[in-house]
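1. 3D model of this:
(2 chains)
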Amino acid sequence: MIFETRGSGQHRPGASSPGGSLNRRSLLQGAGALGAAGSLAALSGCAGAAARPVDELAFWHLLSGPDGVTMGEMLDGYMATEGAASVQQTVLAWGAPYYTKLAMASAGGRAPDLAVMHAARVPGYAPGGLLDEWDLDLFAEFGVHQEDFPELIWDKMVVDGALTAIALDSHPFVLYYNTEIAEAAGVLGSDGLLMPTDTPEDFRALALELGANAPSGYGLSFGYLGDGSNQWRMFSTYYAQLGGTIELPVGEKMVYQEELVVEAAEWILSLIDGEVGNPGHDGGTAISEFATGGSGAFYGGVWESGNYRNQGVPFDMTMIPGVFGEPVAYADSHSFVLPHQSSPDPERRRGVHAAVAYLLQNSIQWAAAGHIPAYSPVLEDPAYGELVPQSHYADAVDHLIYDPPAWFSGSGSDFHTYFGNDMQNVWARRVDPLEGWNAFVERINALLLKTPPM
Amino acid sequence: MTTADGLVAPPGVTEKADTLSAGRVRRRRAENLRGWLYCTPFLAAFGLFLIWPTVYGLWMSFTGTSLAGTNTQFVGLANWREALGDPQVWSSLGNTAWFTLLSTIPLVAIAMLLAVLVNLGLPGQWFWRLSFFMPFLLASTVVSQFWNWMYNPQLGLINTFLGWFGIAGPAWLQDPNTAMIAVVITTVWWTIGFNFLLYLAALQNIPDQLYEAASLDGAGGWRKFLSITLPQLAPTTVLVLVLQLLASLKVFDQIYQMTAGGPGGTTRPVLLYIYEVGFTGYRLGYASAISYIFFFLIIIVSIAYMVISSRRSVKA
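-> Sure, this is the predicted structure:
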């Protein structure tokens, strides 16, 4: 150690004395050496794959909280298998910070060996050459095949004919409900599950029953203030149930059905009217309202289930009832991608395929965090059917609606941010649905006119 | 004769002076060399992390460079033209100016007021100084997080407090009418300590004799404040004003964390828009053009300050 002093530490700092004491010169030398060591360490940190042993894989992801813990455990499981590579995780903040760093690392060709991306963001990354292609033959060696994925999910994994992403899960927007409140409200069926509702009127009546038995007086909790992504999830769900579609053709204008937009927005407004649901919740408040047993039900992503389990709230989950038709719900998928490397090592790539195959085949563990496994053998495994409440919304895999593909859409994207920017005023009843929507469309149209930067 | 220092050597010591002069030149050269050597790390960092990115950024503003490193072709003034016609650029510049105006005035006026009050000789001065300065030591993330809680429309301290008086508080950070004010309140609370400290130091430098003389002339407290304190604080006020203007123009952290520019872009400052365009929209070339427009505006503000302050010094 550079600053270690001999003896009992009686040297005065800065005093010039022999014997390796800490004086100004040695301090400067030490600082220089430390600086050099630091620079080298920093360089090795961002060094390309070539600088590391082939059995050491760099893995970047955005999974934090209970998800991050589960991923860590799954990786430990993989590393305990014979011949496994050592996987070094780097966990980065969700959303723009993560995707920015991943894009920059890939652009430099010295990216990590493996990364997690949301499937809906892959179409934005792949055409720019930021992602490398998976080798299906290599996967076959480890027991993973195309027919192991539901068609809807497989389609999201293939971009321009190339297998660019391997989905680990799908995580739809779902409805949580408090089983004690639901029971008191008499809205549980004989099977103990929330009674099905297939019209807006029925659903509203059910929500009012829940509210009448909830301490907060509210049947539904939905956090939207300042959260563009959550606003979009809710809107996308009901707009799709109404049969609405969105297309984002580059160089043209956004394609959508205006009357369905208004209908969906007005329906959402009717759910946060201060009678059925709280009219002014942000994400944290909605979560805490449901987590403390305050409200009857909660709209959210499946990833909150671990949190609620830890809180001890009695809850079950279901697909969002299809009050306008099919119970379609907004979803995205955590997917494995190969960030672009200028000169990937075949042995290392093989290791990455092996690790991903292991994670897929053991994704029952991942399902425990609430996500629906994308790998069908796990989904069809009786062990998954026994997971509660996961199995209660497993059918959602057939009713998923992903973001319309564009370089600026997908989880945590500008598309979500802009939606929140302009539609929040609608939910707060400051502007008409169409006025807010048109402002959003105007910004999206401006983006569509740009040359895609990816 | 003239030495290396430009001094004229006295007559009769020419030879000796020559020798001395040569020695001094050598010493001076060696000192200069050492000086440059010591400065080299700074100059290297300055060149590498400030000068080079500045020049490179200017070049990028004339290209279509994306964050992914693609599309680097020269596009001439296209980015600049687009930026000047982009309503988001103007609205975010407007937000920056609005934030600067709203924050600078209280951050100068209240800081001065607090400093004057503390300087009156209240008991427990250390406590007041600590209280006013302590928030400045906190990280922006911490400050943003707990003000986010305070502003929470349902559970927040502020609306709960207002509720005791039967007032239904707004959704502070989510209402376009109150979001900017909420951010300004947070900023004032967080950063006022620095200006307060500058004022306190300036107040303590005002000679007591001035106040004694004024007392002898029968001046009251208010007269002394107007005729002695305020004029004596004038140089500090100019300094605080300029530092505050520059700091407020560069606002980013707390807004990014508290409102992310929302609702509806009403709190989005130009730096946040530049960040969005460059890092979430991947258009680095375009982001550079907006940066330079903002850079030129700051230069105009700085030049205006220099002109005003040079006039002041001429008058003085």
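2. wait, residue A:267 sits on residue A:239?
-> No - using Cβ atoms under 8 Å, residue A:267 is not in contact with residue A:239; the gap is 9.4 Å. All C-beta atoms are positioned from the backbone trio N, CA, C, and that covers glycine.
3. When these two are compared, which one has more neighbours?
-> residue A:239 (26 against 20; other Cβ atoms under 10 Å in any protein chain shown).
4. who's in contact with the more buried one?
-> Going by Cβ atoms under 8 Å, 6 or more residues apart in numbering or on different chains, residue A:239 touches A:246, A:260, A:261, A:264.
5. Just the ones of the residues you listed in strands?
-> Using DSSP state E, no member of these sits in strands.
6. And residue B:234, how close does it get to chain A?
-> 42 Å (Cβ to the nearest Cβ, to the nearest Å).
7. Would you state the strands of chain B in chain order?
-> Counting by DSSP E, chain B forms no strands at all.
8. Following element in sequence after the longest strand along chain A, please.
-> Ordering each strand of chain A by length in residues (DSSP E) puts strand A:169-178 first. Reading on from strand A:169-178 to the C-terminus, the next helix or strand found by DSSP states H and E is helix A:179-185.
9. Where does pLDDT dip in chain A?
-> Along chain A, the parts satisfying pLDDT under 70 run over A:1-51.
10. how about the residue in the stretch 351-454 of chain A that chain B sits nearest to, phi and psi?
-> Relative to chain B, the nearest point of the stretch 351-454 of chain A is residue A:453 (3.3 Å; Cβ to the nearest Cβ). Dihedral pair for residue A:453: phi -80, psi -10, per degrees, to the nearest 10.
11. before we move on, what about residue A:300?
-> Phi and psi for residue A:300, reported as degrees, to the nearest 10, are phi -170, psi 180.
12. now it: how far from chain B?
-> For residue A:300, the distance to chain B - Cβ to the nearest Cβ - is 17 Å.
13. For that residue, which non-adjacent residue is closest in space?
-> In space, residue A:300 comes closest to residue A:176 once its chain neighbours are excluded; the distance is 6.4 Å by Cβ to Cβ, 6 or more residues apart in numbering or on different chains.
14. tell me, which of the contacts of residue A:239 make contact with chain B?
-> Taking Cβ under 8 Å from any Cβ of the partner chain as the test, chain B is in contact with none of those.
15. can you pick the most crowded of those?
-> With neighbours defined as other Cβ under 10 Å, the most crowded of these is residue A:264; it has 24 neighbours.
16. wait, doesn't that one sit right on residue A:256?
-> No - applying Cβ under 8 Å as the test, residue A:264 and residue A:256 come out as separate, 10.6 Å apart.
17. okay, and the common contacts of those two?
-> Contacts common to residue A:264 and residue A:256, judged by Cβ under 8 Å, 6+ apart, are residue A:244.
18. ok so, going back, the residue nearest to residue A:300 - how many residues pack around it?
-> So residue A:176, with other Cβ under 10 Å, has 26 neighbours.
19. which ones are touching it?
-> A:290, A:297, A:298, A:299, A:300, A:304, A:305, A:308, A:315, A:316, A:317.
20. Can you name the residues of chain B that neighbour chain A?
-> Taking Cβ under 8 Å from any Cβ, the part of chain B that reaches chain A is made up of B:64, B:66-71, B:152-155, B:171, B:173-176, B:259-265, B:276, B:279-283.
21. And these, which of them are buried?
-> Buried members of the residues of chain B next to chain A, counted by 16 or more other Cβ atoms under 10 Å in any protein chain shown: B:64, B:66-71, B:152-154, B:171, B:173-176, B:259-265, B:276, B:279-283.
22. Report the beta-bridge partner residues of the closest residue to chain A within chain B.
-> Chain B approaches chain A most closely through residue B:66 (3.3 Å), counting by Cβ to the nearest Cβ. Note on residue B:66: beta-bridge partners by DSSP bridges are residue B:283.
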